[in-house]
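# model this:
(one chain, ligands or ions: 1)
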Amino acid sequence: MTLTPTPTMTMTLNEPLLTTGNTAKLYCLNWIAARAQAGPLTILDLGCGDARNFEALLRRYPAVQYVGIEPSAAACEQARRRLAGLPATIVEGYAYAAIRERLPRPAYDVVVSFSVFEHVYRRLAYLQLIRACLGPGGHALINYDCGHFRSTYWKERLKNIVGPLLARLGQEGYYQAFVREADFRQMVAQAGLHIVEAQSFNTPLKGVYKHIPEAQRAAYMQRWLALEAWLNESAGIVYDDSLAGTWFSRNFILRAESG
Ligand SMILES: C[S@@+](CC[C@H](N)C(=O)[O-])C[C@H]1O[C@@H](n2cnc3c(N)ncnc32)[C@H](O)[C@@H]1O
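Predicted coordinates for the structure are as follows:
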């Protein structure tokens, strides 16, 4: 049975999910997959880590060209191994202006940033790179999480304190800081971008996912994403920073101010 493709569901009931365990990422990957079905697509992934988010999508849509940027040399190596043989390039470095000349092309149809912005030290410069890399009619899909700032785990608490101090001394690798909604919106405008969609994902149903038996996980993901999509679209909840403990991820679709 074929379903009408929308970001809140996978393409067909028989196709495996493009990712699992995180509704913000699944929503974005479904959104991108709907685009990829229509024809060739170029994607730039800022802070790609080991590129695990895009392996399934690249295997399913051979006309998608993917470029990942990642400052960790070890993660770059893992990403290159994972995507070997696929139309993908991994560039090592931070996602600020200087990296642009090392990218295989200057502009992209889709720029993504999944679970990175809360770790970015120079946030305006990062958003300015997104703006610079958006091709005509391009979209940026960006999500970030607040879990690090709610955690009781000592390592996270230490990073919340030490990360910002080290970043001021030139070591960005451990940086993390809560993203305030008003700051984000202000920086988006300053970077020459505008918000076309703002949503929240990853409610405490994320915790329930861990208890779901493997065989039921795909079904659970569909229902979890559908419920959160309904909450975003129809429940009338107005997000502010005080809700960050209930909605662990903010998710935005951005376009260039003139795009
Ligand atoms: C939590 S991981 C997310 C990785 C991947 N996007 C994912 O969803 O699995 C955050 C990543 O952001 C990278 N990162 C941190 N600051 C960055 C920056 N300024 N530019 C690019 N990547 C950055 C880190 O090296 C790390 O790999």
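
# The ligand contacts on this protein?
Within the chain, the positions near the ligand by CB under 6 Å from any ligand atom are 46-49, 52-53, 69-72, 75, 94-95, 114-116, 119-120, 126. Glycine gets a C-beta too; all of them are placed from N, C-alpha and C.

# Now list the buried members of those.
Among the residues of the chain next to the ligand, those classed as buried by neighbour count (16 or more other CB atoms under 10 Å) are 46-49, 53, 69-70, 75, 94-95, 114-116, 119-120, 126.

# Among the residues you listed, which pair sits farthest apart?
Spatially, the most separated pair among those is 53 and 94, at 19.0 Å (CB to CB).

# Quick one: find the helix or strand in this protein with the lowest mean pLDDT.
The weakest-scoring helix or strand in the chain, judged by mean pLDDT, DSSP states H and E, is helix 154-168 (a mean of 89).

# Show me where the chain has its strands.
41-46, 64-70, 88-92, 108-114, 134-145, 193-201, 249-256 (DSSP state E).

# closest point of the stretch 151-259 of the chain to the ligand, which residue?
Nearest to the ligand, among the residues of the stretch 151-259 of the chain, is residue 172, at 6.2 Å (CB to the nearest ligand atom).

# Next, give phi and psi for that residue.
Main-chain torsions, residue 172, degrees, to the nearest 10: phi -80, psi -10.

# isn't it right next to residue 96, touching?
No: with contact defined as CB atoms under 8 Å, residue 172 does not count as touching residue 96 (10.1 Å).

# Pass me the low-pLDDT residue ranges in the stretch 151-259 of the chain, would you?
Applying pLDDT under 70 to the stretch 151-259 of the chain flags the ranges 259.

# scratch that, the stretch 1-150 of the chain
Within the stretch 1-150 of the chain, the ranges that satisfy pLDDT under 70 run 1-14.

# repeat that for 90
The model of the stretch 1-150 of the chain has pLDDT under 90 over residues 1-15, 146-150.

# Can you identify each of the helices in this protein by residue range?
Secondary structure of the chain (DSSP state H): helices at 23-37, 55-60, 73-82, 123-133, 154-168, 181-190, 205-209, 217-234.

# if we compare these, which one ends up closest to residue 110?
Short answer: helix 23-37, nearest of the helices of the chain by CB to CB, at 5.9 Å.

# Next, count neighbours for the residue of the stretch 151-259 of the chain closest to the ligand.
Residue 172 has 16 neighbours, counted by other CB atoms under 10 Å.

# so what's it up against?
Residues near residue 172 by CB atoms under 8 Å, 6 or more residues apart in numbering: 71, 94, 121, 166.

# Likewise for residue 103?
Counting by CB under 8 Å, 6+ apart, residue 103 touches 44, 67, 69, 91, 133.

# Quick check: nearest residue in space to residue 196, chain neighbours excluded?
Leaving out its chain neighbours, the residue that sits closest to residue 196 by CB to CB, 6 or more residues apart in numbering is residue 253, at 5.0 Å.

# Tell me, how many residues neighbour the one you found?
Using other CB under 10 Å, residue 253 has 18 other residues around it.

# One more: the one 4 residues further on?
Residues within reach of residue 257, counting by other CB under 10 Å, total 12.

# Could you do residue 25 as well?
Residues near residue 25, counting by other CB under 10 Å: 23.

# go on, residue 223?
Residue 223 sits with 10 neighbouring residues when counted by other CB under 10 Å.

# Same question for the one 5 residues further on.
One way to gauge burial is a neighbour count; for residue 228, by other CB under 10 Å, it gives 26.

# just residue 183 next, same as before
Around residue 183 there are 14 other residues, counting by other CB under 10 Å.

# Just list the residues touching the closest residue in space to it that isn't next to it in sequence, thanks.
Of all residues not flanking residue 183 in the chain, residue 123 sits nearest, at 7.8 Å (CB to CB, 6+ apart). Contact partners of residue 123, counting by CB under 8 Å, 6+ apart, are 117, 179, 183, 187.
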